[in-house]
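Quick one, structure for this:
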Amino acid sequence: MKTAPSFNNHIEIQQKALREPSEVICGNYATNGILPKSLEYTVSGDFLSILEKLKVTLLVSREYEHLVIALNVKKNKLRQSFIHLPHPSGIAVDKKTNKVYVAATRNPNQIIELAVTSVPSSKIDEKILTPSRVKYYGGAYYFHDLAFINGNLYANSVGKNSVIKVDFNSSLSDKVVWSPLPAKENTCNHIQLNSIAAGKSLADSYFSASAEKPGKYKPGDLKFPVDKKGVIFHGKKGKVAARGLTRPHSARFYKDKLWVDNSGYGEFGCIENGEFSSFVKLPGWTRGLCFKNHVAFVGVSKVFQKYKVYAPGIKEKQQQCGVYAINMKTKKIIGYIEWAIGNQIFGIETISSSACDGFLHTKVAQSTEQEIKFFSDYSI
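Prediction:
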């Protein structure tokens, strides 16, 4: 029979608990399955030089690994930093304030606001993204994508087949403002409504989904039909604007044209005359998309064996987890970064590198004295 810890041992455990700033944010690394190898990467082509030329810090969510990665390049040297959050998915950047918002889809759901700060006395010179506010929601919201539309933050609630307008100044759960389905059908995930192509208004925006309407099987069921069943909805009409996609994600506008990841076929392309036109095919499940000048950053993920039926067009046995930079003028791949033991990417966004260097932590290790002092002294 095991002997119960003494009272003094309990006190010692309690005194040592939650001293690591990273644990306060999202528990310890080991519990979340985060290893030093999680950050190991290889870079190909001119991926680093294009980030530096564009003067951006690239933000990437690796959802099942509970990681948000920041990639910042100076003098062709990459600074990779991270924060760990519970199953992060969509990312949105407020270009006016440089605040970053991340959807975290574990139950309860969270939308996390991060602001740039620095503490000169900590001897850490970088401009660091640090959590400033968090809003909680019931897990039924099941958030995926985030987007700014006319200065307001919106989130798509997959669990409610809808879009909500996020109000950080209210403690109340935000209500549905748009859905392609009747309210009576918005009680659970029927169509996997999972991304927002932000227009000038909600009516001018478009939304991707894996199905047009509820069917016999729901997303998550392996019998849920996906091949060519995906659609793009029009915000104003609430009707289908394009068909024939397979598990589409990450709908975005670029030069007045609607672009989207056709995930189930590992493609990135655009919508032309109500149909998907492939631009580039990549080695894995395409998800995550953003544009900067003439460059598209496209995420590619490994397909989970359990859900390979959701990816009928991906035949590569060796898939990647990474981000590709694609020249939109020449249709050529500029370069890419790959995380060897990574699996699923969801969101990709950019923030000005002059405004933000990324996150504080660069290693999966115990915080240094300087890092602890940073969290002791920072203010926003």
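
Grab the nearest non-local neighbour of S121.
D377 (6.0 Å; C-beta to C-beta, 6 or more residues apart in numbering). Yep, even glycine has a C-beta here, placed from its N, CA and C like the rest.

these two touch, right, the one you found and I124?
No - using C-beta atoms under 8 Å, D377 is not in contact with I124, being 10.0 Å away.

who's more crowded, the two?
Ranked by neighbour count (other C-beta atoms under 10 Å), D377 and I124 place I124 first, with 18 against 12.

Can you pull the phi/psi pair for the residue nearest to that one when sequence neighbours are not counted?
With C-beta to C-beta, 6+ apart as the criterion, I124 has its nearest non-adjacent residue at 5.3 Å, and that residue is F374. Backbone torsions for F374, taken as degrees, to the nearest 10, come to phi -60, psi -50.

any idea how far H361 is from F374?
10 Å (C-beta to C-beta, to the nearest Å).

Same drill for those two, tell me which one is more crowded.
Neighbour count, other C-beta under 10 Å: between F374 and H361, F374 has more, with 23 against 19.

So the closest residue to N28 other than its chain neighbours versus C26, what's the distance?
Leaving out its chain neighbours, the residue that sits closest to N28 by C-beta to C-beta, 6+ apart is E20, at 6.9 Å. E20 sits 11 Å away from C26, going by C-beta to C-beta.

the more surrounded of the two?
C26 (22 against 17).

from memory that one sits against P88, does it?
No - in this structure, C26 is not within contact of P88 by C-beta under 8 Å, at 9.6 Å.

The nearest residue to A92 once chain neighbours are set aside: what secondary structure?
For A92, ignoring the flanking residues on the chain, the nearest one in space by C-beta to C-beta, 6+ apart is L146 at 3.8 Å. Using DSSP: H, G, I helix; E, B strand; the rest coil, the structure places L146 in strand.

now F268
strand.

And it, how far from R252?
10 Å.

cool, and T368?
Counting by C-beta to C-beta, the separation of T368 from R252 is 38 Å.

And for P36?
33 Å.

Surely the residue nearest to A92 and V93 touch.
No - using C-beta under 8 Å, L146 makes no contact with V93, being 9.4 Å away.

Pick out whichever of these two has more residues nearby.
Set side by side, L146 and V93 show more neighbours around L146, with 25 against 22, by other C-beta under 10 Å.

So what pairs up with that one in the strands?
A155 (DSSP bridges).

Tell me, what's the model's pLDDT at it?
The per-residue pLDDT reported for L146 equals 98.

Who are the contact partners of it?
By C-beta atoms under 8 Å, 6 or more residues apart in numbering, L146 lies in contact with 90-92, 101-103, 111, 153-156, 166, 196, 347.

ok, back up a step: if I look at C26 and P88, which residues touch both of them?
H66.

Could you list every helix and strand that the longest strand that the chain contains packs against?
Using DSSP state E to define each element, the chain has its longest strand at strand 124-137. If you count contacts as 3 or more C-beta pairs under 8 Å, 6 or more residues apart in numbering; DSSP states H and E, strand 124-137 packs onto strand 77-84, strand 109-119, helix 369-377.

Just send the ones you listed back as a markdown table, with distance to N32 too.
A markdown table is the format used below for these (distance: least, C-beta to C-beta, whole Å):
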| stretch | distance to N32 |
| --- | --- |
| strand 77-84 | 6 |
| strand 109-119 | 15 |
| helix 369-377 | 18 |
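
Nearest approach to H10 belongs to which of those?
With C-beta to C-beta as the measure, helix 369-377 is the member of the helices and strands packed on strand 124-137 nearest H10 (24.3 Å).

Now the closest one: buried residues?
Within helix 369-377, the residues that count as buried by 16 or more other C-beta atoms under 10 Å are E371, K373, F374, F375.

I'd like to know which elements that helix is packed against.
Using 3+ C-beta pairs under 8 Å, 6+ apart: helix 369-377 touches helix 21-26, strand 109-119, strand 124-137.

The nearest residue to I25 once chain neighbours are set aside: what's it in contact with?
Among residues not flanking I25 along the chain, P131 sits closest, at 6.3 Å (C-beta to C-beta, 6+ apart). By C-beta under 8 Å, 6+ apart, the contact set of P131 is I25, I83, I112, E113, L114.

surely T350 meets V60?
No - counting by C-beta under 8 Å, V60 is not a contact partner of T350; they are 10.2 Å apart.

which of those two has more neighbours?
Using other C-beta under 10 Å as the criterion, T350 and V60 rank with V60 on top: 27 against 22.

part of a helix, is the more buried one?
No - with three-state DSSP as the criterion, V60 is located in strand rather than a helix.

Pull up the gap between it and L67, please.
8 Å.

Could you give the number of residues near the closest residue to K135 other than its chain neighbours?
Spatially, and ignoring its direct neighbours in sequence, K135 is nearest to I111 (5.0 Å; C-beta to C-beta, 6+ apart). Using other C-beta under 10 Å, I111 has 24 neighbouring residues.

cool, and N150?
Neighbours of N150 using other C-beta under 10 Å come to 12.

got it, and S171?
S171: 8 neighbours (other C-beta under 10 Å).
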